[in-house]
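Undergrad: Sequence first, predicted model second:
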Amino acid sequence: MEIKRGIAVSPGVVPGPALVLGTEDFRIPRRFVSVDAVEIELTRFRTALDSVCGEIAENERLASERLGAQYGAIFTAHLNLARDPKLRDEIEVLIREKTYAPEFASSRVLRRYAKFIQNLGDHYMAERAVDIFDLEKRLLRHLLGEQREELSHITEPVLVLAHNLTPSETASLDPDYVLGFATEVGGHTSHTAILAGALEIPAVVGIGPFLSDVSGGETIIIDGNHGEVIIDPDESTLKRYHDTQVRIKTANEKLEQLGRLESKTADGVSIKLYGNIEFPEEVDHCIQRGAEGVGLYRTEFLYLKDDREPSEEDHFDAYRRVVDPIPDLPVVIRTLDLGAEKFPHSLEELAEVSPNPVLGLRSVRFTLRNLGLFKTQLRAILRAATYGDIRVMFPLVSSMLELRQAKMILSDVMEDLEEEGIPFRRDIQVGMMVEVPSAALLADRFAPEVDFFSIGTNDLIQYTLAVDRANPTVADLYNCADPSILKLIRMVVAAARKHDTPVVVCGQMSGDPTYTAALIGMGIRELSATPFSLPVIKQVVRELTIPQAEEIAAHTECLDVARDVENYLRGELKKILPEILD
Ligand code: PEP
Ligand code: MG
């Protein structure tokens with residue numbers, strides 16, 4: 001049994017068979033064979049290995065003939081490896097004595113070899129591990145045929161392990177079969193992490209290199225509460241995790257009962273709780289968790305889930321699917337926040353090649369330079385807004401000019417719809433995200449120009465602290481509790497108050513109960529978060545009084561170090577809700 005540690009980004013624990021992506025996405029279907037089938041399976045393995053040897057020998061011949069003996073020698077090394085009797089014996093022993101399926105046995109043995117070589121610490125030798133992975137890939141291809149795993153076509157429950165999952169890949173995971181995932185890279189609020197929350201599956205990211213330690217089909221546990229992946233757990237660990245699963249399920253059922261209760265502090269102040277969504281289906285999660293609307297709909301996932309660019313009707317249908325079940329509740333539709341790692345295949349020709357895309361042409365900057373795309377979306381939003389309380393919000397606004405330009409385009413689109421005689425909502429509320437320090441610093445100037453603010457702490461932290469939100473190497477420097485972040489939030493609240501502009505917090509911070517008291521104490525009265533986190537936030541709200549929250553917020557102002565703020569807030573949370581940290 002081995003334990004790998006990473007960053008916990010989506011809670012829950014789940015045991016299951018590993019699907020390791022990266023071995024050209026081969027799926028190892030079975031771990032064991034029946035005792036009667038052992039001889040047949042041994043023959044299948046020998047045939048596959050002989051075919052692999054024949055294939056490599058052919059490559060060796062061709063390379064030697066066409067390029068020279070020194071190139072042929074590359075394959076000679078591979079061939080020696082594939083013909084190594086010790087290797088063959090080890091795999092056969094696992095098939096014969098442990099009744100492992102040949103695919104599983106080959107992967108186990110070859111990965112053990114590769115890991116040993118990687119751990120020698122010698123750069124040259126570590127590179128040789130690649131040859132062993134190559135042999136694994138060839139063997140699997142012969143054993144399994146050309147059958148590859150399409151992420152969107154998984155038909156049995158698995159836990160996905162990958163170096164990285166792009167937001168598009170994550171969006172295509174089917175939560176009925178993908179019970180959890182873990183990746184080598186990724187940070188606290190990377191979009192892949194946010195999507196895991198949307199899919200409501202346990203996830204751990206930023207583990208660092210570990211894929212060579214796992215074979216497909218092997219039993220693992222993903223612990224999204226503590227940020228751990230347990231490989232090949234022993235019986236007692238498996239039992240302990242099964243018990244934890246049952247406890248979490250019971251606790252969640254209890255929490256969900258809160259859905260029906262009011263979101264009011266103990267002294268009667270209403271705190272509005274909304275859901276953040278990426279897909280229209282999630283509106284059901286919001287309703288189940290008692291959300292009072294959708295505070296953030298990240299519409300770019302409409303592009304990321306499909307290979308085709310969505311039409312105005314596709315946008316319109318998606319927005320109707322969100323608003324129709326909750327026509328009386330607010331739905332904040334954020335215009336496309338494309339760019340950086342969120343770039344769809346369908347728009348590849350518009351993608352910017354930049355060494356630093358997070359500071360490049362993303363989000364509202366991108367839509368302002370691609371007006372066709374922007375107008376298509378705005379038309380659909382304005383039309384859908386006649387069916388309920390839809391509001392529009394611009395992301396990543398970093399200057400007044402940008403906001404005014406975006407609003408001007410919105411007016412142009414209204415004129416077009418008017419001329420065409422198409423019904424739309426003229427008095428739609430227009431808001432902006434405050435997620436760039438420049439917008440927070442100038443909040444008092446922005447406030448009179450918008451109907452609401454939404455503080456996006458995920459990006460605000462990234463840009464204020466100069467820490468890439470998706471980079472695990474600097475994940476320890478990424479912290480919502482940093483006094484600079486709290487100070488910016490206070491500034492935005494003060495500016496919004498002066499102009500009577502409502503302000504919501506919608507980054508991941510708003511779904512973390514550690515920060516609920518401090519945010520309310522700073523004057524925040526509206527929070528929008530991943531639906532699954534809403535019940536626990538409501539539980540904190542209902543235990544708090546405003547003076548208590550204000551005292552907690554005031555105390556944070558005396559602390560200079562993020563870790564001290566975080567520890568202090570955790571301590572206060574434990575007093576408010578003693579059972580929570582268990
Ligand atoms: C944010 O930046 O806090 C936010 C809510 O937007 P996103 O996570 O989609 O960048
Ligand atoms: Mg953002």
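TA: Perfect, I can see it now. Ligands and ions are numbered 1, 2, ... in the order given.
Undergrad: how close does the residue of the stretch 301-450 of the chain found nearest ligand 2 get to Asp243?
TA: With CB to the ion as the measure, Glu435 is the residue of the stretch 301-450 of the chain nearest to ligand 2, at 4.7 Å. Yep, even glycine has a C-beta here, placed from its N, CA and C like the rest. Applying CB to CB, to the nearest Å, the value for Glu435 to Asp243 is 41 Å.
Undergrad: Domain boundaries for this protein, per the record?
TA: Domain assignment for the chain by automatic domain parsing gives 2-24+149-250, 35-141, 261-581.
Undergrad: SS state for the residue in the chain positioned nearest to ligand 2?
TA: Closest residue of the chain to ligand 2, CB to the ion: Asp459 (3.6 Å). Of the three states, Asp459 takes helix according to DSSP: H, G, I helix; E, B strand; the rest coil.
Undergrad: Between Glu435 and Asp243, which is the more surrounded one?
TA: Comparing Glu435 with Asp243 by other CB atoms under 10 Å, the one with more neighbours is Glu435, at 26 against 11.
Undergrad: my guess is the more buried one meets Phe453, correct?
TA: No: Glu435 is beyond contact range of Phe453, at 10.2 Å (criterion: CB atoms under 8 Å).
Undergrad: State the pLDDT value of the residue of the chain most remote from its centre.
TA: Most distant residue from the mean C-alpha position of the chain: Glu65, 48.7 Å away (CA atoms, centre = their mean). Looking at Glu65, its pLDDT stands at 80.
Undergrad: What residue, apart from its backbone neighbours, is nearest it spatially?
TA: Ranked by CB to CB, 6 or more residues apart in numbering and with sequence neighbours excluded, the top spatial neighbour of Glu65 is Gly72, at 7.9 Å.
Undergrad: Can you report how many residues lie near the one you found?
TA: Neighbour count for Gly72, taken as other CB under 10 Å: 18.
Undergrad: on contacts alone, who are the packing partners of the helix or strand containing it?
TA: Using DSSP states H and E, Gly72 sits in helix 69-82. Helices and strands touching helix 69-82, by 3 or more CB pairs under 8 Å, 6 or more residues apart in numbering; DSSP states H and E, are helix 38-67, helix 123-144.
Undergrad: wouldn't Asp267 be in contact with Ile546 here?
TA: Yes: if you go by CB under 8 Å, Asp267 and Ile546 touch, sitting 5.8 Å apart.
Undergrad: Note down every partner strand of the strand ranked longest in the chain and its orientation.
TA: In the chain, taking DSSP state E as the definition, the longest strand is strand 13-20. In the sheet, strand 13-20 lines up against strand 158-162 (parallel), strand 219-223 (antiparallel) (DSSP bridges).
Undergrad: and of these, who's closest to ligand 1?
TA: strand 158-162 (20.9 Å; CB to the nearest ligand atom).
Undergrad: what does the following helix or strand past that closest one contact?
TA: Remark: after strand 158-162, the chain's next helix or strand is helix 167-171, criterion DSSP H and E. Applying CB atoms under 8 Å, 6 or more residues apart in numbering, the external contacts of helix 167-171 come out as 151, 162, 181, 191-192, 195-196, 199, 278-279, 301, 304-305, 341-342, 344-345.
Undergrad: do that again at 10 Å, thanks
TA: 21, 151-152, 160, 162, 164-165, 178, 181, 183, 186, 190-196, 198-199, 201, 203, 278-279, 298, 300-307, 340-345 (CB atoms under 10 Å, 6 or more residues apart in numbering).
Undergrad: Which ones among the residues you listed map onto helices?
TA: His191, Thr192, Ala193, Ile194, Leu195, Ala196, Ala198, Leu199, Phe301, Leu302, Tyr303, Leu304 (DSSP state H).
Undergrad: distance of the fifth one from Val205?
TA: I take that to be Leu195. 11 Å.
Undergrad: Check the first one too.
TA: According to CB to CB, His191 and Val205 sit 11 Å apart.
Undergrad: overlap in contacts of those two?
TA: With contacts defined as CB under 10 Å, 6+ apart, the residues shared by His191 and Val205 are Leu165, Ala470.
Undergrad: More neighbours: Asp267 and Ile546, which one.
TA: Ile546 (17 against 11).
Undergrad: Which pLDDT value goes with the more buried one?
TA: Confidence for Ile546, expressed as pLDDT, is 98.
Undergrad: surely it meets Thr265?
TA: Yes: when contacts are counted by CB atoms under 10 Å, Ile546 is listed as touching Thr265 (5.9 Å).
Undergrad: give me the low-pLDDT residue ranges for the stretch 1-150 of the chain?
TA: Scanning the stretch 1-150 of the chain with the threshold set as pLDDT under 70 gives 22-30, 123, 126-127, 146-150.
Undergrad: got the contact list for the nearest residue to Ile409 once chain neighbours are set aside?
TA: Nearest non-adjacent residue to Ile409, counting by CB to CB, 6+ apart: Phe374, 6.0 Å away. Contact analysis of Phe374 by CB under 10 Å, 6+ apart lists Thr335, Leu336, Val364, Phe366, Thr367, Leu368, Ala406, Ile409, Leu410, Val413.
Undergrad: cool, Tyr568 as well?
TA: Counting by CB under 10 Å, 6+ apart, Tyr568 touches Ala481, Thr514, Ala518, Ile552, His555, Thr556, Cys558, Leu559.
Undergrad: can you check Ile7 too?
TA: Ile7 touches 183, 186-190, 193, 203-207, 227, 472, 475-476, 478, counting by CB under 10 Å, 6+ apart.
Undergrad: With adjacent residues omitted, what lies nearest to it?
TA: In space, and not counting its chain neighbours, Ile7 is closest to Gly206: 4.3 Å by CB to CB, 6+ apart.
Undergrad: Give me the pLDDT value at the one you found.
TA: 93.
Undergrad: burial of it, as a residue count?
TA: Around Gly206 there are 24 residues (other CB under 10 Å).
Undergrad: wait, it sits on Pro472?
TA: Yes: using CB under 10 Å, Gly206 is in contact with Pro472, at 2.9 Å.
Undergrad: Might you enumerate the residues of the stretch 301-450 of the chain proximal to ligand 2?
TA: Glu435 (CB under 5 Å from the ion).
Undergrad: The stretch 301-450 of the chain: helices as residue ranges?
TA: Using DSSP state H, counting those that start in this stretch, the helices of the stretch 301-450 of the chain run over residues 301-304, 312-323, 363-369, 371-384, 400-420, 437-441, 443-446.
Undergrad: before we move on, the earlier item: what about ligand 1: which of the contacts of Phe374 touch it?
TA: Checked against ligand 1 using CB under 6 Å from any ligand atom, the contacts of Phe374 yield no neighbours at all.
Undergrad: Between all of those residues, which two are separated the most?
TA: Phe366 and Val413 (17.2 Å; CB to CB).
Undergrad: which of these two has more neighbours?
TA: Phe366 (25 against 21).
Undergrad: What pLDDT is listed against that one?
TA: At Phe366, pLDDT is 95.
Undergrad: Not counting its neighbours along the chain, what's nearest it?
TA: Gly339 (5.0 Å).
Undergrad: tell me which parts of this structure are close to ligand 2?
TA: Glu435, Gly456, Asp459.
Undergrad: Wait, Leu195 touches Glu300, no?
TA: No: the pair Leu195 / Glu300 is not scored as a contact, 11.5 Å apart, by CB under 10 Å.
Undergrad: These two: who's more crowded?
TA: Leu195 (27 against 24).
Undergrad: for that one, what are its contacts?
TA: With contacts defined as CB under 10 Å, 6+ apart, the neighbours of Leu195 are 9-10, 165, 167-171, 173, 181, 201, 203, 278-279, 298, 301, 304, 530.
Undergrad: mind running it again at 8 Å?
TA: Pro167, Thr170, Ala171, Glu278, Phe301.
Undergrad: now those residues in TSV, with neighbour count and pLDDT?
TA: What follows is the contacts of Leu195, written out as TSV (neighbours: other CB atoms under 10 Å; pLDDT from 0 to 100):
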residue	neighbour count	pLDDT
Pro167	24	73
Thr170	31	80
Ala171	26	75
Glu278	25	94
Phe301	26	90
